[in-house]
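Q: fold the following.
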Amino acid sequence: MIDSMTKSSPSGMDLFTGALELIRDAIVIVDSGGRILFLNRMAETLCGWRSYEAIGRPVTSVLKMVHADTHQVIEDPVKSLLQESQSPTLRGKLVLLSKDNTEFPISDGGSAPRTKGGRLTAVYLIFRQWVDSAIQMDDNKAILTSHMEAIGALAGGIAHDFNNVLTAVVGNLSLARMHLTDPEKTRGRLEQAERASLRARDISRQLLTFAKGGAPIKTATCIGEPIKATASQALHETTVRCEFEIPDDLWPAEVDIGQFNLAIRNLVTYSAQSTQTHGKIEVSAANVTLTRGMIPGLRPGIYVRVSVRDYGQGIAPQHLARIFEPYFITRKTGSGLGLATAYSVIRRHEGTITAESIIDRGSTFHIFVPASQKAPEREEPPTEKLTHRGAGRILIMDDEADVRLVATDMLELMGYEVDTTPDGAQALQLYNTAKRIGKPYAAVIFDLTVPAGMGGKEAIVKLREIDPGAKAIVSSGYSYDPVMANFQEHGFDAVVPKPYKPEELARTLKNLLAIKQHRELESY
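A: Residues are numbered from 1 along each chain as shown. All right, here's what the predicted structure looks like:
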């Protein structure tokens with residue numbers, strides 16, 4: 001089976017091992033000589049061995065099993081498996097002894113399939129923790145209760161965070177109105193209100209990570225400074241200090257920097273909560289080249305590894321395999337979504353997160369994200385004034401009147417003429433009319449989703465029929481929608497996630513229209 005998969009496609013083994021990582025059973029693959037070829041994450045947890053440590057070792061030195069009833073030692077699980085004459089499968093209740101001699105009751109030993117010619121390709125040892133059905137029922141009830149408690153904690157946490165944000169926004173806007181005769185004080189209050197609003201954007205992005213879709217909008221990015229800034233911000237109101245070891249020659253990574261920062265923040269926050277008062281966290285980064293099988297589920301290639309290490313309470317071995325599950329909570333604080341969010345984000349970046357921990361000695365999380373061979377995009381320095389001056393007509397389609405109003409004000413401040421409409425069908429009529437009378441739009445900004453009408457996804461198809469050269473921008477509050485991540489595949493030229501600042505909208509239009517003007521000049 002393994003041979004056929006690897007021969008059929010260069011990424012066959014990667015797909016195979018990636019699928020095995022998603023299975024909740026422990027899986028150990030052994031060659032015909034009795035040496036370990038592969039352990040998935042659950043097997044690592046139960047056996048107490050990391051896959052890279054176990055690969056190449058005799059199975060007898062890694063897997064130690066006894067019969068649950070008789071306590072008879074199974075000297076060689078592979079040999080015992082092969083002695084079965086019919087369907088070669090271990091059966092019965094067994095006890096697995098991990099590396100540190102922790103006992104795990106298991107059942108369903110595994111199988112040793114052969115080719116049609118009778119050749120043994122590999123031995124698959126497949127097992128899971130065994131529990132009594134009555135105990136399982138109680139556990140299921142406990143899990144349901146735990147999930148309900150976690151949802152309650154999550155809802156309470158969201159309400160708490162949003163109320164804090166709203167307090168800052170409403171309070172500062174009210175104070176700004178009181179200080180209208182003092183421009184400096186008014187400006188300061190408005191800046192604080194803006195910063196609070198951007199914190200609300202971060203909260204919504206974390207929630208959207210668990211929604212359907214969630215594809216990141218990736219660019220080649222230098223992540224060294226964002227890592228430092230995000231980690232420092234996460235520890236701002238704690239007594240935990242952070243030590244950094246990030247090389248100057250760190251490779252650019254292919255990331256959505258907003259999502260990536262969220263993953264870093266959540267890991268650092270988790271480590272800080274595990275660390276005692278006045279403790280420390282170490283955040284490091286390195287360039288790594290992975291070969292096949294080094295990190296289960298990852299393709300060979302170049303990666304950037306970011307490690308977050310704490311010296312806190314550690315994670316129990318029986319919990320380690322579940323820490324990235326949504327709502328899995330091992331302590332009183334937290335919603336159970338922090339690590340799950342981080343893991344979800346990094347997996348969507350075609351990377352992974354691994355964890356290792358020792359009770360009372362701390363934990364280390366390793367993030368692996370693909371490195372980029374592209375030149376990193378230059379981030380324009382923040383400006384206090386909106387310096388971009390545009391020209392031409394812009395059409396805005398958005399079903400929210402408040403969004404149309406504020407976007408119009410932003411664009412008119414930049415020098416554009418603006419028309420608005422709440423529906424995609426009306427936008428197409430306006431565009432067609434403007435083109436026919438010789439007053440075409442320089443660009444159209446489409447809201448992706450319009451519940452009561454035609455949204456941007458449908459409208460762009462028809463717009464291309466009217467004018468294949470039209471410049472179209474997609475915008476949505478559902479910023480992780482797959483269309484937003486792959487906007488060009490859906491016919492759009494640029495993307496502006498909501499909420500956006502005037503500077504972000506200006507930069508997008510400036511770049512888009514500059515490309516258009518360059519192409520027009522080339523055509524002469």
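
Q: how is this structure carved up into domains?
A: 2-130, 135-208, 219-370, 393-523 (automatic domain parsing).

Q: can you give me the helices in the stretch 151-300 of the chain?
A: Ranges of helices in the stretch 151-300 of the chain, per DSSP state H, counting those that start in this stretch, are 183-208, 224-234, 257-274.

Q: who does the longest one touch, helix- and strand-wise?
A: Applying 3 or more C-beta pairs under 8 Å, 6 or more residues apart in numbering; DSSP states H and E, one finds that helix 183-208 contacts helix 133-178, helix 257-274. Bear in mind the C-beta positions are built from the backbone N, C-alpha and C, glycine included.

Q: so T420, which of the three states?
A: Here T420 is strand, with the state taken from DSSP: H, G, I helix; E, B strand; the rest coil.

Q: related to what we said a few turns ago, same list (the domains of the chain) but as a markdown table, adding mean neighbour count, distance to P376 and mean pLDDT.
A: What follows is the domains of the chain, written out as a markdown table (neighbours: other C-beta atoms under 10 Å; distance: least, C-beta to C-beta, whole Å; pLDDT from 0 to 100):
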| stretch | mean neighbour count | distance to P376 | mean pLDDT |
| --- | --- | --- | --- |
| domain 2-130 | 16 | 26 | 71 |
| domain 135-208 | 14 | 22 | 70 |
| domain 219-370 | 18 | 4 | 86 |
| domain 393-523 | 17 | 16 | 87 |
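
Q: what residues are up against the closest residue to F446 other than its chain neighbours?
A: Excluding its sequence neighbours, the residue lying closest to F446 (C-beta to C-beta, 6 or more residues apart in numbering) is G456, at 3.1 Å. Contact analysis of G456 by C-beta atoms under 8 Å, 6 or more residues apart in numbering lists M397, G424, F446, D447, L448, T449, V450, A472, V474, S475, S476, F492.

Q: turn these into JSON lines, columns for secondary structure and distance to I358.
A: Converted to JSON lines, the contacts of G456 look like this (DSSP: H, G, I helix; E, B strand; the rest coil; distance: C-beta to C-beta, whole Å):
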{"residue": "M397", "secondary structure": "strand", "distance to I358": "56"}
{"residue": "G424", "secondary structure": "helix", "distance to I358": "57"}
{"residue": "F446", "secondary structure": "strand", "distance to I358": "53"}
{"residue": "D447", "secondary structure": "strand", "distance to I358": "51"}
{"residue": "L448", "secondary structure": "coil", "distance to I358": "47"}
{"residue": "T449", "secondary structure": "coil", "distance to I358": "48"}
{"residue": "V450", "secondary structure": "coil", "distance to I358": "53"}
{"residue": "A472", "secondary structure": "strand", "distance to I358": "54"}
{"residue": "V474", "secondary structure": "strand", "distance to I358": "48"}
{"residue": "S475", "secondary structure": "strand", "distance to I358": "48"}
{"residue": "S476", "secondary structure": "strand", "distance to I358": "44"}
{"residue": "F492", "secondary structure": "coil", "distance to I358": "49"}
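
Q: in JSON lines, list those residues along with distance to I437.
A: Formatted as JSON lines, these follow (distance: C-beta to C-beta, whole Å):
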{"residue": "M397", "distance to I437": "19"}
{"residue": "G424", "distance to I437": "21"}
{"residue": "F446", "distance to I437": "22"}
{"residue": "D447", "distance to I437": "25"}
{"residue": "L448", "distance to I437": "28"}
{"residue": "T449", "distance to I437": "30"}
{"residue": "V450", "distance to I437": "26"}
{"residue": "A472", "distance to I437": "20"}
{"residue": "V474", "distance to I437": "26"}
{"residue": "S475", "distance to I437": "26"}
{"residue": "S476", "distance to I437": "30"}
{"residue": "F492", "distance to I437": "25"}
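
Q: now do the helices in the stretch 1-150 of the chain.
A: Using DSSP H, counting those that start in this stretch, helices in the stretch 1-150 of the chain cover 2-8, 12-22, 41-47, 51-54, 59-62, 77-82, 133-178.

Q: from what I can see P451 touches P422, true?
A: No: if you go by C-beta atoms under 8 Å, P451 and P422 don't touch, sitting 11.1 Å apart.

Q: can you list residues touching both of these two?
A: Residues touching both P451 and P422 (C-beta under 8 Å, 6+ apart) are D399.

Q: now K471, nearest residue through space, not along the chain?
A: Using C-beta to C-beta, 6+ apart, the nearest residue to K471 is A443, at 4.2 Å.

Q: that should have said L512, apologies.
A: Using C-beta to C-beta, 6+ apart, the nearest residue to L512 is A494, at 4.9 Å.

Q: show me what contacts the one you found?
A: So A494 contacts K471, A472, I473, V474, F487, T508, N511, L512 (C-beta under 8 Å, 6+ apart).
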